[in-house]
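**Student:** Sequence and predicted model, in that order:
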Amino acid sequence: MEILTQPWHWAFSGIMLVFIVFLLIFLGKRFGVSSSFKAICTIVAGRKTCDYFDYDWKSHTWLLMFVLGTIGGGVIANMFMANPNPVAISENTIQDLTELGIAPPQAEHLVPLDLFNFEVLQTVPGVLIFVVGGFLIGFGTRYAGGCTSGHAISGLSNLQLPSLVAVIGFFLGGIISTHVLLPLILSQ
Amino acid sequence: MKNISFLGVGALFGIIMSKSEAISWFRIQEMFRFQSIHMYGIIGVCVILGAAMFYIMKKSGFKAADGSTPDFSDKPKTYTASILGGTIFGLGWALTGACPGPLYVLLGHGYWIILVVIISALLGTFVYGLLKAKLPH
């Protein structure tokens, strides 16, 4: 069972992700997960809401199926392939996070349980991380016209300059959040 | 129902994202602190191998399963939107430790608090849709 439960090397992971890009192209589609947000908004609010949502969401039915599959993949990985050991992040990261009051990774958990719980959600830091953080993801990815899959993976592979600019933005924002905002938020 | 095949591709994607640990909040923190090659290795292999694949597909006139030519069209050259939207997304990515794909995978792992993040992300997309005409692109 170890072959199922051990984490994958980054090189193998990268190769497998390119296989996903290949499968989607073979099936006549373009890889881009954040368009699912637009489709769901259109289904919920209706295409008359405004110009941006005035499109035939059924053109994204395939993506909604993909997203359902993705959730299912998470269920399978969690039930049958969970790593019995903690995520092996670097000692430096563990040390930095400890200073912020975040305990090191635990076995079978990919996220810090110090943060990912509903008690934290009822605090200011919890609202900032999960509610504001989520809002920024949905607003920013659609503003940029794509997320990590559409810009960083398929956009850069297709040598798209707008994608490179977007990825520079991803890192600019990520570095600001990691080094400035998160320490401020967690000191509350 | 042709769309059923995407359920399978999505499931494989969810498993890959889990086993690669790219859905881990810890791995994203490590990446933005430049303390490991892990995430850069995944993205780097993706881009280099992906670029070679796109190049070969374009040169060889690759056809999709239904005989159509794949959509290799250029992304819109809206650089202001790319940098502003990209930075806004990056802020949220580092806080939650997840980009859109991993949000769905983490939900499958049973971290219910991720539902709050997904609903907030949908709200963010909704507000973007309303404001789109007023924002610089």
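**Tutor:** That came through, no problem. Numbering: from 1, shown residues only, chains lettered A, B, ... in the order given.
**Student:** Give me the domain ranges for chain B.
**Tutor:** Using automatic domain parsing, the domain parsing of chain B gives B:1-69, B:76-137.
**Student:** Counting by contacts, list what the helix ranked longest in chain A packs against.
**Tutor:** The residue-count maximum for a helix in chain A (DSSP state H) belongs to helix A:61-80. Applying 3 or more C-beta pairs under 8 Å, 6 or more residues apart in numbering or on different chains; DSSP states H and E, one finds that helix A:61-80 contacts helix A:35-45, helix B:4-19, helix B:100-108. Placement of C-beta: from N, CA and C, glycine included.
**Student:** What helices and strands are in contact with the strand or helix carrying residue A:182?
**Tutor:** Using DSSP states H and E, residue A:182 falls within helix A:182-186. With contacts taken as 3+ C-beta pairs under 8 Å, 6+ apart, helix A:182-186 sits against helix A:124-126, helix B:79-96.
**Student:** Briefly note if the following helix or strand past the first one comes near chain B.
**Tutor:** Heading C-terminal from helix A:124-126, the first helix or strand you meet, by DSSP H and E, is helix A:133-144. Yes. Applying C-beta under 8 Å from any C-beta of the partner chain, one finds that helix A:133-144 is in contact with chain B at A:133, A:134, A:135, A:136, A:137, A:138, A:139, A:140, A:141, A:142, A:143, A:144.
**Student:** tell me which strands and helices helix A:133-144 is in contact with?
**Tutor:** On a contact count with 3+ C-beta pairs under 8 Å, 6+ apart, helix A:133-144 meets helix A:35-45, helix A:161-176, helix B:79-96, helix B:100-108, helix B:113-131.
**Student:** Show residues contacting the longest one.
**Tutor:** Taking C-beta atoms under 8 Å, 6 or more residues apart in numbering or on different chains as the criterion, the residues outside helix B:113-131 that touch it are A:34, A:37-38, A:40-41, A:44-45, A:49-50, A:52-53, A:116-118, A:121, A:130-143, B:92, B:96, B:98, B:100, B:103-104, B:106-107, B:135.
**Student:** 7 Å instead, please
**Tutor:** With contact meaning C-beta atoms under 7 Å, 6 or more residues apart in numbering or on different chains, helix B:113-131 is reached by A:37-38, A:40-41, A:45, A:49-50, A:52-53, A:116-118, A:121, A:130-131, A:133-139, A:142-143, B:96, B:98, B:103, B:106-107.
**Student:** filter those to the buried ones?
**Tutor:** In the contacts of helix B:113-131, burial by neighbour count holds for A:37-38, A:40-41, A:52-53, A:116, A:121, A:130-131, A:133-139, A:142-143, B:96, B:98, B:103, B:106-107, counting by 16 or more other C-beta atoms under 10 Å in any protein chain shown.
**Student:** on that earlier part again, how far does the helix holding residue A:182 sit from its chain's centre?
**Tutor:** 20 Å (C-alpha atoms, centre = their mean, to the nearest Å).
**Student:** which residue packs closest to residue A:177, ignoring adjacent ones?
**Tutor:** residue B:94 (3.5 Å; C-beta to C-beta, 6 or more residues apart in numbering or on different chains).
**Student:** brain fart, residue B:103
**Tutor:** Excluding the flanking residues, the one nearest residue B:103 by C-beta to C-beta, 6+ apart is residue B:118, at 5.4 Å.
**Student:** Can you check the pLDDT for residue A:47?
**Tutor:** Confidence at residue A:47, expressed as pLDDT, is 93.
**Student:** got the contact list for it?
**Tutor:** A:53, A:54, A:55.
**Student:** For chain B, tell me which of those show up nearby.
**Tutor:** Near chain B, taking C-beta under 7 Å from any C-beta of the partner chain as the test, the members of those found are residue A:53.
**Student:** Chain neighbours aside, what residue packs nearest to the most centrally placed residue in chain A?
**Tutor:** With distances taken as C-alpha atoms, centre = their mean, residue A:148 lies nearest the centre of chain A, 7.6 Å away. Closest residue in space to residue A:148, ignoring its immediate chain neighbours: residue B:99 at 4.3 Å, by C-beta to C-beta, 6+ apart.
**Student:** Hmm, residue A:146 and that neighbour touching each other?
**Tutor:** No. Between residue B:99 and residue A:146 no contact is recorded; they are 10.4 Å apart, counting by C-beta atoms under 7 Å.
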